[in-house]
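Participant: Sharing a model prediction with you, sequence too.
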Amino acid sequence: MADDMEGLEIHVRIREERMRLGYRSQSAFAREIGIDTRTENMYEVGKSLPGLRELLKMQQIGADAIYILSGRRLPSEESGEGDITPPSPHHVALYNEVAALDVSAADVDLLLTVARRLARRG
């Protein structure tokens with residue numbers, strides 16, 4: 001399997017999620033998550049990776065951040081089907097605590113490194 005966390009597939013999944021959410025233009029999606037259109041374009045052509053803040057904002061508007069990062073989906077509430085087991089209530093609580101923090105750029109880099117390593121184990 002290719003190393004998806006290095007951006008080889010993430011850009012495709014960002015576009016898929018944008019389209020799934022009904023954002024036909026990159027500019028509308030970019031506005032919604034608080035970035036400029038050029039940055040969103042860089043994400044979608046694979047020249048740049050979103051940081052933790054951008055991923056959290058994408059998730060807040062309905063994108064599946066786990067899918068964007070790993071290519072795996074949590075089970076949907078409607079069908080119960082998905083690629084991975086849903087997180088425990090404990091993990092959800094931890095995620096929510098982290099999401100509420102003001103995260104530094106160094107912390108974002110560290111979290112992305114951890115996510116990359118976890119995805120490789122997949």
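Facilitator: Nice, thanks for sending it over. Remember, predicted model here, so these are calculated numbers, not experimental data. Numbering: from 1, shown residues only.

Participant: Poorly predicted segments of the protein, please.
Facilitator: Along the chain, the model assigns pLDDT under 70 to residues 1-8, 74-88, 90-105, 108-109, 121-122.

Participant: switch the cut-off to 90
Facilitator: Low-confidence segments of the chain (pLDDT under 90): 1-9, 46-49, 51-53, 56, 65-67, 69-122.

Participant: all helices for it, in order.
Facilitator: Per DSSP state H, the chain carries helices over the ranges 10-20, 26-33, 37-44, 52-60, 65-70, 89-99, 105-121.

Participant: Make TSV from these and add mean neighbour count to it.
Facilitator: Yep, even glycine has a C-beta here, placed from its N, CA and C like the rest. What follows is the helices of the chain, written out as TSV (neighbours: other Cβ atoms under 10 Å):
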stretch	mean neighbour count
helix 10-20	18
helix 26-33	18
helix 37-44	18
helix 52-60	19
helix 65-70	20
helix 89-99	11
helix 105-121	13
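
Participant: what about residue 34, how many neighbours?
Facilitator: Residue 34 has 10 neighbours, counted by other Cβ atoms under 10 Å.

Participant: so who does it touch?
Facilitator: Residues in contact with residue 34, defined by Cβ atoms under 8 Å, 6 or more residues apart in numbering, are 54, 57.

Participant: at 10 Å what do you get?
Facilitator: Residue 34 makes contact with 53, 54, 57 under the criterion Cβ atoms under 10 Å, 6 or more residues apart in numbering.

Participant: measure the last one to residue 65 for me?
Facilitator: Distance check for residue 57 against residue 65: by Cβ to Cβ, to the nearest Å, it reads 10 Å.

Participant: Kindly report the same for the second one.
Facilitator: Taken as Cβ to Cβ, the spacing of residue 54 relative to residue 65 amounts to 10 Å.

Participant: Likewise for the first one?
Facilitator: For residue 53, the distance to residue 65 (Cβ to Cβ) stands at 11 Å.

Participant: Distance check, the nearest residue to residue 46 once chain neighbours are set aside against residue 67.
Facilitator: Among residues not flanking residue 46 along the chain, residue 11 sits closest, at 3.8 Å (Cβ to Cβ, 6 or more residues apart in numbering). To residue 67, residue 11 is 13 Å away according to Cβ to Cβ.
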